[in-house]
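Asker: return atomic coordinates for the entry below.
(one chain, ligands or ions: 2)
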Amino acid sequence: NNFYHNVFAFSAPILLCLYYFFPVCKIEVPERLTVSHEALIKTGLADRCISVPVREATDADILLVHSEEYLEAVKKTPYMTLEDLQEFTLQYGDVYFHPNIYHCAKLAAGAALQLVDSVMTGKVRNGMALVRPPGHHSMRSAASGFCVFNNVAIAAQYAKQQYGVKRVLIVDWDVHHGQGVQYCFEDDPSVLYFSWHRYEHQKFWPQLKESDYNSVGKEKGAGFNINVPWNKVGMKNSDYLSVFCHILLPVAYEFSPDLVLVCAGFDSAIGDPEGEMCASPDIFAHLTHLLMNLAGGKLCAVLEGGYNLTSLPQSVCQTVQTLLGDPAPRPANLDGPCESALESLHCVRSAHRQYWSCLKHMTFIFTASSNNSLLLSPAELPTSDVTTKRIKLAEEEEDKLKKVEEEKNAEEEVWPEPPKRVAPAVRTALVLPNDVACPDGCKHVNTSQVCLLVLLQGCSDVSGFAQAVLGLLLPLGYEYDPSLVLLARTPDSGLCDSVWQQLTGLLQGIAQGHTLVLMQVRRRRRGGSISVYLLLHFWGGLDRWQVF
Ligand SMILES: CC(O)(O)CCCCCNCCCN
Ligand SMILES: [Zn+2]
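Answerer: Residues are numbered from 1 along each chain as shown. Ligands and ions are numbered 1, 2, ... in the order given. Have a look, this model is predicted:
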């Protein structure tokens with residue numbers, strides 16, 4: 001007791017001056033990782049994953065993105081006096097330096113690289129790195145927004161250098177704009193950066209003009225930087241899904257990446273003090289599922305933000321459970337995108353239509369009355385002055401509603417627990433004609449799952465696929481929310497195998513994955529059919545098929 005008493009007495013003044021010198025960050029706290037990890041353990045998800053050891057990023061790794069002088073400066077921070085450390089911190093915005101943060105920042109970047117190694121070498125199909133400090137705000141020679149090294153930008157450059165990856169898609173669903181990633185790749189057509197972020201017409205941090213929809217990239221990189229500004233808070237599941245269906249997915253399919261990296265920030269979920277959005281944690285199951293069909297499933301998610309210690313672990317679990325292949329839950333209350341989201345969506349599409357053929361053909365009207373469907377009706381895009389006028393209207397309306405908004409947010413946000421997602425041990429049934437050999441690894445069982453949906457004809461090329469499937473079938477399917485999906489394919493459907501494979505993958509995000517495929521198959525020399533094997537392979541191997 002005596003000892004503790006003395007120690008405390010002696011240390012109190014130091015602690016006080018520490019707090020004086022070092023404002024402690026209230027939201028980027030260690031508990032973010034512990035509650036997320038505990039939730040993964042409690043739900044049994046951790047046991048279904050392999051844990052990959054971390055390593056420190058080397059100087060060479062860090063110099064893939066950052067300058068020598070910045071790295072040398074950060075290297076000195078562990079040895080700085082309190083005053084020097086505070087001085088060093090003040091030169092950057094919203095970042096907190098501690099004598100140990102250099103070590104932690106190297107571990108965060110190194111963890112992302114270990115994940116890239118595991119995915120690119122085929123050791124795992126996909127994965128998630130739970131790291132602190134985050135990375136997407138840090139720039140070539142500057143820390144920013146809790147970020148020291150840009151974990152995901154380093155991972156992208158590393159994948160290109162170490163594995164010859166030609167095209168990397170970075171999806172940033174964090175509620176803040178990852179300006180550090182944008183600056184790193186804005187003239188680089190091999191990296192497509194997509195970010196949505198709270199913007200409120202440049203009123204929200206980091207308050208950059210270049211976070212708006214008309215920053216499309218530079219020189220050779222024009223078209224490869226997509227910013228979706230949220231000019232209002234309270235964005236919901238429908239807003240997120242609409243942007244995926246009508247902007248990100250069509251472009252991503254046209255870009256055809258070899259690797260998908262996710263700046264997985266969960267401050268875009270309900271309850272977050274920074275985002276003030278209303279999307280439920282289970283939406284990340286759908287966002288993850290929709291991305292898993294790209295790049296042959298090679299997906300690395302790296303934690304960025306997420307500051308509500310209830311919705312963060314829920315969102316992390318929804319993401320990891322989907323990465324494990326479990327079907328997504330039925331999406332909660334899809335009631336169509338709000339007017340402000342539609343406005344942003346149209347602005348982004350018009351800014352990018354010159355770069356992407358999938359956006360060229362699809363033109364949409366900005367309906368005066370709020371559109372109550374995930375589908376968008378085709379017509380002329382608003383010209384910029386129409387958009388400006390609408391933004392004015394939106395601002396006036398917004399100022400009027402601001403008070404209401406504050407009162408609403410003043411109450412503690414509450415939301416239902418994400419629904420339990422149980423995946424049967426044997427996941428898929430295969431109905432085969434009697435005389436077709438049963439593929440090895442399947443087993444004959446009597447149980448069955450049956451499903452219902454009519455398949456559109458003739459979307460064999462990317463833009464046809466984008467229009468028919470991504471712009472119509474998928475939003476329709478989400479909105480219709482069937483409990484059953486039936487995919488029917490006849491040899492004359494004109495669907496090439498890869499489109500067919502994508503289709504079956506994407507539509508598993510609907511009806512909790514309950515899908516039946518009816519195929520009139522072509523014969524192969526040894527019986528069976530190339531399409532059936534392709535499908536078997538794609539759907540995660542033969543071991544989970546039931547054969548009738
Ligand atoms: C990884 C991340 O994007 O979540 C970091 C967000 C930093 C936000 C800084 N807040 C600034 C508030 C200004 N008073
Ligand atoms: Zn954030």
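Asker: can you list the residues of this protein near ligand 2?
Answerer: Within the chain, the positions near ligand 2 by Cβ under 5 Å from the ion are Asp174, His176, Gly265, Asp267, Gly305. For every residue, glycine as well, the C-beta is placed using N, CA and C.
Asker: what's the burial count for the second one?
Answerer: Same thing as His176. Other residues lying near His176 total 28 when counted by other Cβ atoms under 10 Å.
Asker: same thing with Gln354?
Answerer: By other Cβ under 10 Å, the residues close to Gln354 number 11.
Asker: for it, which three-state class applies?
Answerer: Classification of Gln354 by DSSP: H, G, I helix; E, B strand; the rest coil places it in coil.
Asker: from ligand 1, how far off is it?
Answerer: 30 Å (Cβ to the nearest ligand atom, to the nearest Å).
Asker: next: Met292.
Answerer: For Met292, the distance to ligand 1 - Cβ to the nearest ligand atom - is 23 Å.
Asker: still on that earlier bit, can you lay out the residues of the chain next to ligand 2 as JSON lines showing pLDDT, secondary structure and distance to Leu249?
Answerer: Shown next, in JSON lines, are the residues of the chain next to ligand 2 (pLDDT from 0 to 100; DSSP: H, G, I helix; E, B strand; the rest coil; distance: Cβ to Cβ, whole Å):
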{"residue": "Asp174", "pLDDT": "99", "secondary structure": "coil", "distance to Leu249": "19"}
{"residue": "His176", "pLDDT": "98", "secondary structure": "coil", "distance to Leu249": "22"}
{"residue": "Gly265", "pLDDT": "98", "secondary structure": "coil", "distance to Leu249": "20"}
{"residue": "Asp267", "pLDDT": "98", "secondary structure": "coil", "distance to Leu249": "23"}
{"residue": "Gly305", "pLDDT": "98", "secondary structure": "coil", "distance to Leu249": "23"}
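Asker: just those that are near ligand 1?
Answerer: Asp174, His176, Gly265, Asp267, Gly305 (Cβ under 6 Å from any ligand atom).
Asker: list the contacts of the third one.
Answerer: Residues touching Gly265, when contacts are defined by Cβ atoms under 8 Å, 6 or more residues apart in numbering, comprise Pro134, His136, Asp172, Trp173, Asp174, Val175, His176, Leu303, Glu304, Gly305, Gly306.
Asker: where does this structure dip in pLDDT?
Answerer: The chain contains residues with pLDDT under 70 at 1-23, 361-373, 375-411, 424-463, 521-548.
Asker: please name the nearest non-neighbouring residue to whatever residue of the stretch 151-300 of the chain ends up closest to ligand 1.
Answerer: Nearest to ligand 1, among the residues of the stretch 151-300 of the chain, is His176, at 3.5 Å (Cβ to the nearest ligand atom). Excluding the flanking residues, the one nearest His176 by Cβ to Cβ, 6 or more residues apart in numbering is His197, at 5.5 Å.
Asker: the one you found and Pro229 touch, don't they?
Answerer: Yes - the pair His197 and Pro229 qualifies as a contact (Cβ atoms under 8 Å) at a distance of 6.6 Å.
Asker: which neighbours do those two share?
Answerer: Counting by Cβ under 8 Å, 6+ apart, the shared contacts of His197 and Pro229 are Ser211.
Asker: contacting residues for the residue in the chain positioned nearest to ligand 2?
Answerer: Of all residues in the chain, the one sitting closest to ligand 2 is Gly305 (2.8 Å; Cβ to the ion). Counting by Cβ under 8 Å, 6+ apart, Gly305 makes contact with Glu28, Pro134, Phe146, Asp174, Val175, His176, Gly265, Phe266, Asp267, Asp272, Glu274.
Asker: that's a strand at the first one, yeah?
Answerer: Think Glu28. No - under three-state DSSP, Glu28 sits outside any strand and is assigned coil.
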